[in-house]
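[1] Sequence first, predicted coordinates after that:
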Amino acid sequence: MRRHSIALNFPGPFLLALGVLAGWSAPAAAQSQTSRHGGIEIGSKGVKATVLEVSLDKQGRPLKVGKPRFNKTANTTLAVVEKDQRANKDKFKEAAIKETAEEVGKFFKLMQDNFKVPPENIYVIGSSGLPAAANKQDLVKAVEEATRDSTGHGKKLLFIDQNEEVRLSIMGVLPAKDLGNSVFVDVGSGSTKCGYFEQETSTSVQRLSIVRTKLEGTVSYTRRVTGSMKEAGKDFARQADALREARFTEPLREELERRPGLANRNSVFLSGGIVWALVTVVKPETIKDQLVRITIADIEKFHQRLTKDPNVFPEPDLAAITDTKTREEAAKDVQRVRDTFTTENLLAGAEVLRGIARAFRLEQQQKTIYFARNGYIAWIYAFVKESAVPPSR
C-alpha cells in the first residue's frame, strides 16, 4: 500500500484523488472496471468501518467514487488505559485489545463476505487520537491474528499521525469550493484536532496549517477533570468549567498568532461525537441533514441543559417532530448517544466546544458553523479514496 504524505509536491495518484473529491470525472466511454475498497479505523472510542466502490478507466484513473455502501461503528473501551508499573507508562488493557481486535476481525470478514471486497483492498488504520500506550505492539499483533486468512497472512495495522488525519479529514468533509475559506475542527474522544488549507497563489504554495498544541478530547478531558476534582474540592461541572480556559481557550489563542486563519475564516466545520450529541439533543429534527447549521446559542443551550441536572441525560423534545419516520430515526440516535456517552462525557465535551468557540470568536455575526454528520468517517473515507488509485505507471 502506498504511503500517504502531506508533501507539497503531491504524487500523481494524490492529484487524481483530489480530482475525484472535487467532482472531476473522465469521459464515460473510458470506463472499464469497478473495484471495492474498505477502511477500518481503530480509535479511542471504537472501531469504524466503511466500504466504497470506485470506478476506474482503462488507464486506472478514478472515474467516480460512490457514497459509502456500508458504514458502521462498534464501540470499544480502548481509551481506558492502565498504568504499566515497570515502564511507568500507560498501556492498553488486555481485555480492550482483545475486544477491539475481535471487532476488526468481524468487519474484515463482513467486508469480504457481504460486499466482496478483496482482502488486499481493506486497510486497517489506528487513529492519531489513540493513547500513547507502551503495549501498542500487542494491539498490532492482535489485529494481525484477527484478520489472518487461510494462507496465514493477517492485516498490518498502520498508524496515522495528526497531520495526515487532519488533512484527510478536511478532504473528506469540506466541499471543494470551501477548501480555501474554512476551518475544520474535530473533537474526538482522545484528542481535538484543528486545521485548514492555505490555498496556492501566484506567490505561495498550498500548505496545510494545523494546531500543533496537544488538545484533549471528550473522554481524555473527562479523565482530566475527574482526576483533579478531589484536589480542587469541586463537583464535576464546576471543575470542567474551571479548567476549560487553561486547557483549551488559552492554548488556542496562542496558536492564533501563528495561524490567524483559525479566527479570520468565516466558515467552521465541526466534527466529532460530542458535536453529534449536541445536534441530537438540541436539533433532533435535523437527523436527515448531512450538514447542520449550529450557533453559539446552541452550544450554550446544550451546556445549560447538562448543568441543570448533571446526573440526568438531557432528553430532547421529539414530540415536536411531526413526521413519524423522522421522529423514529431521531429517537434511535438519542438512544445511541445515551449508549455512547456518560453525562460526565457530555459535560466535558460541552466545555471543549465552549473553549474552542471562545478562542475562535465564533460568536461573531459573520461566522457560520456547520456540523458535518459524515465527519466520523471522513478521514478514513478520504484514505480509502486515495488508496484506491493505483500507482503511477
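    Cool, the structure landed. Residues are numbered from 1 along each chain as shown.
[2] ranges for the strands of the stretch 251-393 of the chain?
    267-271, 291-294, 368-372 (DSSP state E, counting those that start in this stretch).
[3] Name every strand pairing with the shortest one and say which way it goes.
    The sheet places strand 291-294 alongside strand 368-372 (antiparallel), with pairing taken from DSSP bridges.
[4] Now the strand it pairs with: buried residues?
    Neighbour counts over strand 368-372 (16 or more other C-beta atoms under 10 Å) mark 369-372 as buried. For every residue, glycine as well, the C-beta is placed using N, CA and C.
[5] swap in stretch 149-159?
    In stretch 149-159, counting by 16+ other C-beta under 10 Å, buried: 154-155, 157.
[6] returning to that earlier point: lowest-confidence entry in the buried residues of strand 368-372?
    Of all the buried residues of strand 368-372, residue 372 has the smallest pLDDT value, namely 93.
[7] burial count for the closest residue to that residue other than its chain neighbours?
    Taking C-beta to C-beta, 6 or more residues apart in numbering, and ignoring the residues beside it in sequence, residue 372 has residue 173 as its nearest neighbour in space, at 4.5 Å. Using other C-beta atoms under 10 Å, residue 173 has 25 other residues around it.
[8] Then residue 364?
    That count, for residue 364 with other C-beta under 10 Å as the rule, works out to 10.
[9] got the contact list for it?
    Taking C-beta atoms under 8 Å, 6 or more residues apart in numbering as the criterion, residue 364 is in contact with no other residue.
[10] And for residue 54?
    Each residue near residue 54 by C-beta under 8 Å, 6+ apart is listed here: 34-37, 62, 64-66, 385, 388.
[11] swap the cut-off to 7 Å and go again
    Contacts for residue 54 (C-beta atoms under 7 Å, 6 or more residues apart in numbering) come out as 34-35, 37, 62, 65, 388.
[12] Pull out the buried residues from those residues.
    For the contacts of residue 54, a burial check counting by 16+ other C-beta under 10 Å picks out 35, 37, 62, 65, 388.
[13] what are the ranges of the helices in the stretch 201-350 of the chain?
    Taking DSSP state H, counting those that start in this stretch as the criterion, the stretch 201-350 of the chain contains helices spanning 218-232, 236-244, 250-258, 261-264, 273-282, 296-308, 324-340, 343-359.
[14] any low-confidence regions in this protein?
    Low-confidence regions of the chain, defined by pLDDT under 70, span residues 1-32, 60-63, 201-205, 232-233, 389-393.
[15] Where does the record place the domain boundaries for it?
    Listed domain ranges for the chain are 12-162+379-387, 176-376 (source: automatic domain parsing).
[16] now the ones you listed as CSV including distance to residue 168?
    Supplementary listing: the domains of the chain in CSV, determined by distance: least, C-beta to C-beta, whole Å:
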stretch, distance to residue 168
domain 12-162+379-387, 4
domain 176-376, 10
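[17] Quick check: residue 44 touching residue 126?
    No: contact status for residue 44 versus residue 126: not in contact, 10.1 Å apart, counting by C-beta atoms under 7 Å.
[18] of those two, who's got more company?
    Each of residue 44 and residue 126 had its neighbours counted (other C-beta under 10 Å), and the higher figure belongs to residue 44 (22 against 19).
[19] and which of the buried ones among the contacts of residue 54 is nearest residue 255?
    The shortest distance between residue 255 and any of these, using C-beta to C-beta, involves residue 65 and amounts to 33.0 Å.
[20] May I have the phi/psi pair for that closest one?
    Note on residue 65: backbone dihedrals following degrees, to the nearest 10 are phi -120, psi 120.
[21] was I right about it contacting residue 385?
    Yes: using C-beta under 7 Å, residue 65 is in contact with residue 385, at 5.2 Å.
[22] now the nearest residue to residue 368 once chain neighbours are set aside: how far from residue 196?
    Spatially, and ignoring its direct neighbours in sequence, residue 368 is nearest to residue 267 (5.2 Å; C-beta to C-beta, 6+ apart). Distance from residue 267 to residue 196, counting by C-beta to C-beta, to the nearest Å: 10 Å.
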